[in-house]
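> Let me see the structure of the following:
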Amino acid sequence: MSIIEKAASRIDHSRAAAPAPVVVEHDGQSVVLETQGAAPVAEAPAAHAAAAPVAPVAPPVVQPTPAAAPAARADTSHIATPHVATPHVEAPGATPRKTAPKPGVRKVDLDLARMRDAGMVTAASGRTSLLEDFRVIKRPLLKRAFSEGAPGRPNNLIMITSSLPGEGKTYCAINLAMSIAMELDHTVLLVDADVARPSVLRTLGLPAQRGLMDILIDDKLDLSDVMLRTNVDTLSILPAGTSTPRATELLASSTMSNLVNEIAHRYPDRVIIFDSPPLLLTSEASVLASHMGQIVMVVEAQGTTQHAVKEALRQLEGCSNVNLIYNKARDIPGIEETYDYHYG
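Numbers count the residues shown, from 1 in each chain. Predicted coordinates:
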């Protein structure tokens, strides 16, 4: 039985009974990763715990101050004395001075309380079953992210997609990025690559901004001109940018290849998550997949048909490291109480 038939058979079987959260990894051309214990979500389910985010403290800034002029032994008023600068060091216990943001660097504040209430992963949410699910999901992805991948396809480029809209791919992309951002040794860049229907910024409650498409159209723009830094220090966002009918051609261009290669290698600890369009509705998703080192396809429990899954997987033939997230699965009553997942 092929890997596609195995994945499809598992999906049909799950409609009869929803098992406990598991992750199944299959060695070979494709890797099947299933998470069947996540709480049912549309795109923004309810959450429980509450805590206020801690604002980062800016580091001390060294600023020059003029040194006192040397004492004169004779009348030297007619001689110009050069200005000598010495570094200023903050006294122990003094309040550090804030550094002005660099020109071109834009920062946005994520409403972490709003995200928590919408059922998303945040560091302030406490230990929930959703957080545990994404910890399980991210671990094999991180393990492969910095291993040697196919030529031209760095494994730290991870695409999140689905066969059809509404299966929860954007929700999973944001939660996966937030979960990886909690790692001590990694940073995350979340890219909204669903250029026809961008939804990352909207889901996070942020206004539309310039982004990926603008870089590909305007060669004078640099990544730093459109990338958004957030109040989560290890998370940055690259918006989809200006809509264009030439999106497929731009994503297939050498400019896009150079861009993904740059962001994959600019920082050795960075993981890049791409929220992709659905595979069966647009041509952009298949083109984007050709750049990726790992692909995660979100499958909606009791929603996605076996035929849709097979057709979507066929479009990914030739791509290694293909994973499935089984989303919106029913919980088994009593599981959380038995294992006491909610510590917060």
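
> Buried residues, the helix or strand harbouring Ala113. List them.
In the assignment (DSSP states H and E), Ala113 maps to helix 112-117. Residues 112, 115-117 are the ones in helix 112-117 that count as buried (16 or more other C-beta atoms under 10 Å). Just so you know, the C-beta spots here come from the backbone N, C-alpha and C atoms, and that holds for glycine as well.

> what bits of this structure have low per-residue confidence?
1-104, 149-152, 330-344 (pLDDT under 70).

> All the helices of it, residue numbers only.
With DSSP state H as the criterion, the chain has helices at 3-16, 112-117, 129-145, 169-181, 200-203, 212-217, 223-226, 247-251, 254-265, 284-289, 306-314, 335-339.

> Need the winner for burial among these.
Among the helices of the chain, ranked by average contacts under mean count of other C-beta atoms under 10 Å, first place goes to helix 169-181 (a mean of 26).

> Give me the helices and strands touching it, please.
Under the contact definition 3 or more C-beta pairs under 8 Å, 6 or more residues apart in numbering; DSSP states H and E, helix 169-181 sits against helix 129-145, strand 157-162, strand 187-192, helix 200-203, strand 235-238, strand 270-275, strand 294-300, strand 322-327.

> possible to save those as JSON lines with distance to Thr122?
Below are these laid out as JSON lines (distance: least, C-beta to C-beta, whole Å):
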{"stretch": "helix 129-145", "distance to Thr122": "9"}
{"stretch": "strand 157-162", "distance to Thr122": "18"}
{"stretch": "strand 187-192", "distance to Thr122": "14"}
{"stretch": "helix 200-203", "distance to Thr122": "14"}
{"stretch": "strand 235-238", "distance to Thr122": "11"}
{"stretch": "strand 270-275", "distance to Thr122": "16"}
{"stretch": "strand 294-300", "distance to Thr122": "20"}
{"stretch": "strand 322-327", "distance to Thr122": "19"}
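
> Which one of these lies nearest to Thr244?
Ranking these by proximity to Thr244 (C-beta to C-beta) places strand 187-192 first, at 14.3 Å.

> Export that closest one to CSV, keeping only CA atoms.
These are the backbone C-alpha positions of strand 187-192, laid out as CSV (Å, rounded to 0.1, in the frame of the first residue of the first chain):
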residue,chain,number,x,y,z
THR,A,187,14.2,32.3,16.0
VAL,A,188,11.3,32.2,13.6
LEU,A,189,10.2,34.1,10.5
LEU,A,190,6.5,33.7,9.7
VAL,A,191,5.9,34.4,6.0
ASP,A,192,2.3,35.0,4.7
